[in-house]
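here's my sequence, what's the structure:
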Amino acid sequence: MARLRERLSSDVFLIWAVILLGLVLYAGSLGHPLIGDDHTFVLGQPFTQDCSNLLKLADPRYYLNRVLPVTGAARPVWLGSVIADSCIYGGAAAGYHLSSLLWHVCASVLLMALAWTLCRDDWTALGAGVLFVANPLHTENVNIITFRTDILALAFMTLAFTLYLLRRSQAGWRRLGLLGLSLACYGLAVLAKEMAVTLPLLVVLGDWLFPESRTPKAEPPRAARRLPWRAAAAFALVLLCYLWFRMPRAGNVVLGHQDFFSSVRDTLSGAAAKTPEGPTPAHPAIVVPWQQVYESPKARLLTMARIMGEDLSLLLWPHPLQGDYSPRPAVSWREPGPMLAVLAWLGVLVLAWALRRRLPMAAFGLLWLPVTLLPVSGLWLLHNLQADRYLYVPSAGIALAAAAALSWLTRRAGRSGRLAAPVLAAAIVASYALMTASRNLDYQDDASLQAATVAADPGVARAHFNLAQILRGQGRLAAAEAEYRAALELWPDFAAWRTAFAIALLQRGRVAEAADQLQASLKQDPGDPAAHYFLGVAHWRAGRRAKAAAEFDAALRLDPADRAAAQAKAYVAAARKRAGRKAAAPAAYLDSARACSAAAWEQARLMLSMPCSAGPGR
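Purely as a prediction, here's the structure:
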């Protein structure tokens, strides 16, 4: 322990190099607004804006038998960090961004500490920290507060692992105390995000590749050999406690299919799937391009194998990046993607095995990749099959492996090799920094992020739709129409999107086209009150008052709290009584907060798009 403090004190400039690099790369992001999922999970939750809720998260009953009706209740460490930001910075966007940046820098420094603790090499530790803090893969996690979960998970994972390793140089109560602190940090890691469940496997790999060099005098050799397995069992016990905590806070239903936690919970309890907010409403199944992944085990295996290959490619070289994905299902091993992915991952494992004695740090970094990707490998269902944010924790393995390889090249190669290693390292860091700075510009507002995704992959329907919603809100209706059409061409069966497109057509005065779209939407989902409401608006504008009244009646039957439909119905009735007198259109029918809220709620429930601004009543 004293040796580590002395080392950190003597090499403090290495730590500051990593800190300053991270601050410089992300300084421009501090002026960005909150975007994407933050509209819903940060700004859209009153719970995150109330400082007193920190006491609720600190209440032991919350972790025993109390389930808060809050989105993110299963990740209290993240939830607490956001509430703390709201209290400290008064809800200012710059404050949330600053905290995410500081957590990212902290995770990078802790990764440095872990690297040094494993191999006692300054250059490997510095390389790991610099490569990690500059990696453009992390821009999504740093810029979007909702995805800070991965940053928190890695920070506490690396701290837990480092404390676990430091216990080796201690004996007696100090050794047990460091193990206890390590287990506590592991608990915080899993309470930040589920990605941290893989830490016990990393601990086992660390004990295998970096065995204790000597046995403390206070411990008999036989007991010392047993201790790693006892420690692994202690980590497993923390994991079981986390699963017990997590099960009541499950309830995600992915297009009609339960997630892992929900299915296990309901199998054990025999209960129906419920979210903390209440039972999941019944809606028609939405067919998306990767629907087969949820329906067919074979398609799930093949598709996720290909996605894991694509993730490996991004881990090796993080370009191009995009804010959303629309994966195409794989249905046969004869397709090149799944087979190439399997061969690539076999190559990683073979290389790690070959390096296990000569370069154990590189082997450990390579093995870190498949272990930490397990939670997003398709073992259980995910709302999104693929996302850049999933790679935050795995990318630490690439940083460790690359830093170890560059350090080895500097020490072992000849004069030209010793020169080549720093040049290569500088080139990688410079490339990372340029890509990070460029990618950060995509997060300056919602429109930039969605436009960047469309530019990277025109086949992402959600990005087209989200961009259309933003453009419509800006009054750029012609551009919005093009994006709506692109989204519906890719996902023609999503009724809520067709309703949103019809609203844009109404705004442009194209009533007949809007009515056609709304009728098509109601064929797909007859239970959508928003579609009935706006079809009533279209009928009204076309002079069909009786049909308008019928649609407003239908909207109210489906949702009696729909005040906009009630007002419109009353207005139509009054206008029909004043036959022969010209009447204006129903008030506020285009920007009805209630109708917007209904469409937003449907989209948010399915996790298929960014909701529009929420209105009262829901």
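
give me the helices and strands touching the helix or strand hosting Ala568, please.
Here Ala568 sits within helix 563-577, counting by DSSP states H and E. Applying 3 or more CB pairs under 8 Å, 6 or more residues apart in numbering; DSSP states H and E, we find helix 563-577 packed against helix 529-541, helix 545-558, helix 593-606. C-beta: built from backbone N, CA, C; applies to glycine.

next, the buried residues of it.
Neighbour counts over helix 563-577 (16 or more other CB atoms under 10 Å) mark 563-569, 571-572, 575 as buried.

ditto for stretch 305-314
305-309, 311-312, 314.

average pLDDT for it, rounded please.
The pLDDT scores in stretch 305-314 average 97.

likewise stretch 381-392?
91.

need the distance between the two termini of that stretch.
19 Å (CA to CA, to the nearest Å).

what does it contact?
137-141, 144, 147, 150-151, 154, 195, 252, 254, 257-260, 290, 293-294, 303-304, 307, 310-311, 314-315, 321-325, 327, 373, 376, 378, 607 (CB atoms under 8 Å, 6 or more residues apart in numbering).

do stretch 512-519 as well
Contacts for stretch 512-519 (CB under 8 Å, 6+ apart): 498-499, 501-503, 505-506, 531, 534-535, 538-539, 542.

among the residues you listed, name the buried ones.
498-499, 501-503, 505-506, 531, 534-535, 538-539.

where's the host helix or strand of Ala452 relative to the chain centroid, distance-wise?
Element membership for Ala452, per DSSP H and E: helix 446-456. Computed by CA atoms, centre = their mean, to the nearest Å, the chain-centroid distance of helix 446-456 equals 17 Å.

and what of stretch 500-518?
The answer for stretch 500-518 is 34 Å, by CA atoms, centre = their mean.

before we move on, what about stretch 547-567?
37 Å.

over to stretch 402-415?
35 Å.

and the buried residues of stretch 305-314, which of them are in helices?
305-309, 311-312, 314 (DSSP state H).

tell me which two of those residues sit farthest apart.
Pairwise distances across these peak at 15.4 Å for Ala305 and Leu314 (criterion: CB to CB).

check contacts around the residue nearest to Ala554 when sequence neighbours are not counted.
The shortest distance from Ala554 to any non-neighbouring residue, by CB to CB, 6 or more residues apart in numbering, is to His532 (4.2 Å). Residues in contact with His532 (CB under 8 Å, 6+ apart) are 522, 551-552, 554-555, 558, 565.

count the neighbours of Trp244 for me.
11 (other CB atoms under 10 Å).

list the buried residues for the strand or helix carrying Leu373?
Using DSSP H and E, Leu373 falls within helix 360-373. Buried residues in helix 360-373, counted by 16+ other CB under 10 Å: 360-373.

quick one, strands of this structure?
In the chain, the strands defined using DSSP state E lie at 253-254, 257-258, 274-275, 278-279.

confidence-wise, which helix or strand of this protein is lowest on average?
Least confident helix or strand of the chain, by mean pLDDT, DSSP states H and E, is strand 278-279 with a mean of 36.

and the closest residue to Ala433 other than its chain neighbours, what does it touch?
With sequence-adjacent residues excluded and distances taken as CB to CB, 6+ apart, Ala433 is closest to Ala134, at 5.1 Å. Residues in contact with Ala134 (CB under 8 Å, 6+ apart) are 21-22, 25, 429, 432-433, 436.

any chance of the residues you listed in CSV, plus distance to Ala404?
Shown next, in CSV, are the contacts of Ala134 (distance: CB to CB, whole Å):
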residue, distance to Ala404
Leu21, 20
Gly22, 21
Leu25, 23
Val429, 16
Tyr432, 17
Ala433, 21
Thr436, 22
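
coming back round to it: same for the helix holding Ala452, what does it pack against?
Using 3+ CB pairs under 8 Å, 6+ apart: helix 446-456 touches helix 461-473.

pLDDT averaged over the helix it packs on, what's the number?
The model assigns helix 461-473 a mean pLDDT of 94.

got the angle for that helix vs helix 446-456?
140 degrees (axes from the mean of the first three to the mean of the last three CA atoms, to 10 degrees).

same for helix 461-473, what does it pack against?
helix 446-456, helix 477-490, helix 495-507.

among those, which is the most enclosed?
helix 495-507 (a mean of 25; mean count of other CB atoms under 10 Å).

what about it, distance to the chain center?
28 Å.

can you check stretch 448-464 too?
17 Å.

try stretch 360-378
Distance, centroid of stretch 360-378 to centroid of chain: 19 Å (CA atoms, centre = their mean).

got it, and stretch 170-180?
Counting by CA atoms, centre = their mean, stretch 170-180 comes out at 36 Å from the chain centroid.

so for it, what gets flagged as buried?
Buried residues in stretch 170-180 (16+ other CB under 10 Å): 170, 175, 178-179.

what does stretch 397-414 give?
397-410.

do the same with stretch 236-250
238-239, 242, 245-250.

by pLDDT, give me the weakest of these.
Minimum pLDDT for those is recorded at Ala250 (61).

ramachandran coordinates for Ser377?
phi -90, psi 0 (degrees, to the nearest 10).

tell me the confidence at it?
93.

neighbours around it, how many?
For Ser377, using other CB under 10 Å, the count is 16.

same question for the one 4 residues further on.
Burial of Leu381, expressed as a neighbour count using other CB under 10 Å, amounts to 19.

and it, how far from Pro297?
Separation of Leu381 from Pro297 (CB to CB, to the nearest Å) stands at 12 Å.

all helices for the stretch 151-300 of the chain, in order.
172-192, 199-209, 221-246, 260-269, 291-295, 297-316 (DSSP state H, counting those that start in this stretch).

need the ones you listed in TSV with distance to Thr71, can you?
Shown next, in TSV, are the helices of the stretch 151-300 of the chain (distance: least, CB to CB, whole Å):
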stretch	distance to Thr71
helix 172-192	15
helix 199-209	25
helix 221-246	15
helix 260-269	15
helix 291-295	22
helix 297-316	26
